[in-house]
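Asks: show me the folded form of this:
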Amino acid sequence: MAAKKASETFSKSMIEDMHKWGCLKQTGVSLRYMMEFGSKPNERNLLISAQFLHKELPIRIARRAIELENLPYGLSHKPAVLKVRDWYLDSFRDLRTFPDIKNMNDEKTFTDMIKAIKVRHNNVVPTMALGVQQLKKGMDPKIVYEDLDEIHQFLDRFYMSRIGIRMLIGQHVELHNPHPAPHCVGYIDTKMSPVEVARNASEDARSICCREYGSAPDVHIYGDPDFTFPYVPAHLHLMVFELVKNSLRAVQERCVDSDKVTPPVRIIVADGLEDVTIKVSDEGGGIARSGLPKIFTYLYSTARNPLDEDADVGVSDNVTMAGYGYGLPICRLYARYFGGDLQIISMEGYALRVGNLLSLLSILHMVGF
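Replies: Prediction:
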């Protein structure tokens, strides 16, 4: 079945409207502003927030939908990418056909709609990864993937924008929670313990590893459990989960035929004067020097490709240990979203992953402390 262009599925007026909104300037929202504004989730603030999102979300979604139509190397025509494109177009149409928000009844209906939009886009990352793998299967194997700058730059923009969109929607929706967790302002925990988040993320990663291999290395965490700072726990959980999952896989596969005791994965949480650094280290053999330039590209993975098993299957809800090649680049984007970074230092024969997850000075400045 031939892939349909957006103009064949959606009305001409909607496509024109999308291009008009895609040219408008989006408005940045800082962590500090979200914390201050969300600290008083009264009806007036919820109404203002909904009215802002009613105008802001179409701009951000339109930009991504336009880009999805014009990707190089035929990526726009891959079935998985077309599916993602249609999700963005459906969401743009839902937002643009929603009437002006004038009262709390309108606000409640709007909140339910953007909550549904967030759910609609839950599988965007793995589906886009599937599209990239579909592209990769048809490529000349001699192509140097890190040289495909247009695709990498697009995916960085696309995924970073998605983080922002989901943060805005999630923050607004969570402000309706009648029983928020202690110290939480929407998605933001003003007293988040990185040690506690690392512990939860590690247990989740070990569960996936046990499901895949039948066992999992231990994870040892070092740091002050009473140390806290303002951050989004879901973001930190995702980053630590991906890093630990990579380490567990490397250790497990290296020691599968060994009689020696499986070495643990180690996590160190360091609260310095300027940075909060989380270091994840393992003895999984490291990455060869020739592979290091590729680890932050979206067309590279050291793991077996899930598509090799069945290239036509849809995206499953199950989490796999590895294979699509987007874990590390996505983690780095989450780290950079609030001013941090992710670095990989590899000693072939050992391994060391360092997640400098955020600049504390930058965060403190944003939250106004």
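
Asks: quick one, what contacts the spatially most central residue of the chain?
Replies: Centroid-nearest residue in the chain: Ile330, 5.3 Å away (criterion: Cα atoms, centre = their mean). Ile330 is in contact with Val125, Tyr159, Leu238, Glu242, counting by Cβ atoms under 8 Å, 6 or more residues apart in numbering. C-betas here are computed from N, CA, C, even on glycine.

Asks: show the pLDDT at it.
Replies: Ile330 is assigned 91 on the pLDDT scale.

Asks: any figure for the gap between it and His235?
Replies: 11 Å (Cβ to Cβ, to the nearest Å).

Asks: next one: Ser91
Replies: Counting by Cβ to Cβ - Ser91 and His235 are separated by 22 Å.

Asks: what do you get for Arg32?
Replies: According to Cβ to Cβ, Arg32 and His235 sit 16 Å apart.

Asks: these two - which one has more neighbours?
Replies: Neighbours per residue (other Cβ atoms under 10 Å) separate Arg32 from His235, with His235 holding more: 23 against 16.

Asks: skip the chain neighbours and tell me the closest residue to the more buried one.
Replies: Setting aside the residues directly before and after it, His235 is nearest to Tyr334 in space (Cβ to Cβ, 6 or more residues apart in numbering), at 5.0 Å.

Asks: touching, the one you found and Gly164? I think so.
Replies: No - Tyr334 sits out of contact with Gly164 when judged by Cβ atoms under 8 Å, with a separation of 11.1 Å.

Asks: from the neighbour counts alone, determine which of the two ranks first.
Replies: Tyr334 (23 against 16).

Asks: tell me which element that one is part of?
Replies: Taking DSSP states H and E as the definition, Tyr334 sits inside helix 327-337.

Asks: hey, C-alpha coordinates of that helix in PDB?
Replies: Extracted C-alpha coordinates of helix 327-337, given in PDB (Å, rounded to 0.1, in the frame of the first residue of the first chain):
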ATOM      1  CA  GLY A 327      19.300   5.300  24.400                       C
ATOM      2  CA  LEU A 328      22.500   7.300  24.900                       C
ATOM      3  CA  PRO A 329      21.600  10.200  22.600                       C
ATOM      4  CA  ILE A 330      18.200  10.600  24.200                       C
ATOM      5  CA  CYS A 331      19.800  10.500  27.600                       C
ATOM      6  CA  ARG A 332      22.100  13.300  26.600                       C
ATOM      7  CA  LEU A 333      19.200  15.400  25.400                       C
ATOM      8  CA  TYR A 334      17.400  15.000  28.800                       C
ATOM      9  CA  ALA A 335      20.600  16.000  30.600                       C
ATOM     10  CA  ARG A 336      21.000  19.000  28.400                       C
ATOM     11  CA  TYR A 337      17.400  20.100  28.700                       C
END
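
Asks: pull out the buried residues from it.
Replies: Gly327, Leu328, Pro329, Ile330, Cys331, Arg332, Leu333, Tyr334, Ala335, Arg336, Tyr337 (16 or more other Cβ atoms under 10 Å).

Asks: give the contact list for the second one.
Replies: Just to be clear, that refers to Leu328. Contacts of Leu328 by Cβ under 8 Å, 6+ apart are Glu242, Asn246, Ile295, Phe296, Leu342, Ile344.

Asks: now the third one
Replies: Residues in contact with Pro329 (Cβ under 8 Å, 6+ apart) are Leu155, Asp156, Tyr159, Phe296, Thr297, Tyr298.

Asks: narrow those to those in helices?
Replies: Among the contacts of Pro329, the residues falling in helices (DSSP state H) are Leu155, Asp156, Tyr159.

Asks: isn't the first one up against Val132?
Replies: Which is Leu155. Yes - judged on Cβ under 8 Å, Leu155 makes contact with Val132 at a distance of 7.5 Å.

Asks: which residues do these two both contact?
Replies: Contacts common to Leu155 and Val132, judged by Cβ under 8 Å, 6+ apart, are Tyr298.

Asks: which element is Arg63 on?
Replies: Secondary structure (DSSP H and E) places Arg63 in helix 43-68.

Asks: could you list the buried residues of that helix?
Replies: Result for helix 43-68 [16+ other Cβ under 10 Å]: buried residues 46-47, 49-54, 56-68.

Asks: kindly report the same for stretch 235-245.
Replies: His235, Leu236, His237, Leu238, Met239, Val240, Phe241, Glu242, Leu243, Val244, Lys245.
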